[in-house]
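Novice: Any chance you can model this:
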Amino acid sequence: MILYTRELAGRVSGRPIYVNALNPGTVATGIIHSRFLFDVDMVRSLFVSYASIFGWFYDQLAPYISLTPYGGALTSLYVATSPEIRNNNSRGRYYDAVAKISDVHEFAKDEQRQKDLWKLSESLLEERGFKVPSI
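Specialist: Here you go, the predicted model:
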């Protein structure tokens with residue numbers, strides 16, 4: 001995601017468009033062990049048992065180690081609406097919970113990788129008949 005984000009940020013840098021990536025953090029939503037996640041035919045019953053146990057333990061610990069859904073939304077809301085993003089010309093950055101700028105791995109800073117992934121994505125879309133707009 002950060003490779004795409006950084007490439008897109010570079011492509012729209014002359015416009016009033018601010019592109020950033022984020023991780024909302026661990027959010028206590030209660031969906032970690034939802035039944036729909038385990039009703040797929042290929043999932044074995046043993047896995048379902050262990051996953052359900054993990055889900056139960058997670059639910060017990062979640063209030064102590066996770067953000068509330070409200071808290072989990074804060075980073076997304078900040079990146080989408082804060083005037084600081086525009087004022088600080090924040091583009092191609094990575095935000096961790098709660099709205100903290102974090103450094104990314106050197107791999108993600110490689111501009112050639114960003115361009116290569118973008119080109120590969122365009123070519124795969126075109127092979128499947130999608131018109132790829134220029135940015």
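
Novice: and the nearest residue to Gly25 once chain neighbours are set aside, how many residues sit next to it?
Specialist: For Gly25, ignoring the flanking residues on the chain, the nearest one in space by CB to CB, 6 or more residues apart in numbering is Ala97 at 2.8 Å. Where C-beta positions appear, they are placed from N, C-alpha and C, glycine not excepted. Ala97: 19 surrounding residues under other CB atoms under 10 Å.

Novice: Likewise for the one 3 residues further on?
Specialist: By other CB under 10 Å, 13 other residues sit near Lys100.

Novice: Same check on the one 5 residues further on?
Specialist: The number of residues packed around His105, counting by other CB under 10 Å, is 9.

Novice: What pLDDT does the model give it?
Specialist: For His105, the model assigns a pLDDT of 92.

Novice: And for the one 4 residues further on?
Specialist: Per-residue pLDDT puts Lys109 at 95.

Novice: So what's the residue count around the closest residue to it other than its chain neighbours?
Specialist: Leaving aside its sequence neighbours, Lys109 sits nearest to Arg6 (CB to CB, 6+ apart; 7.5 Å). Counted with other CB under 10 Å, the neighbours of Arg6 add up to 26.
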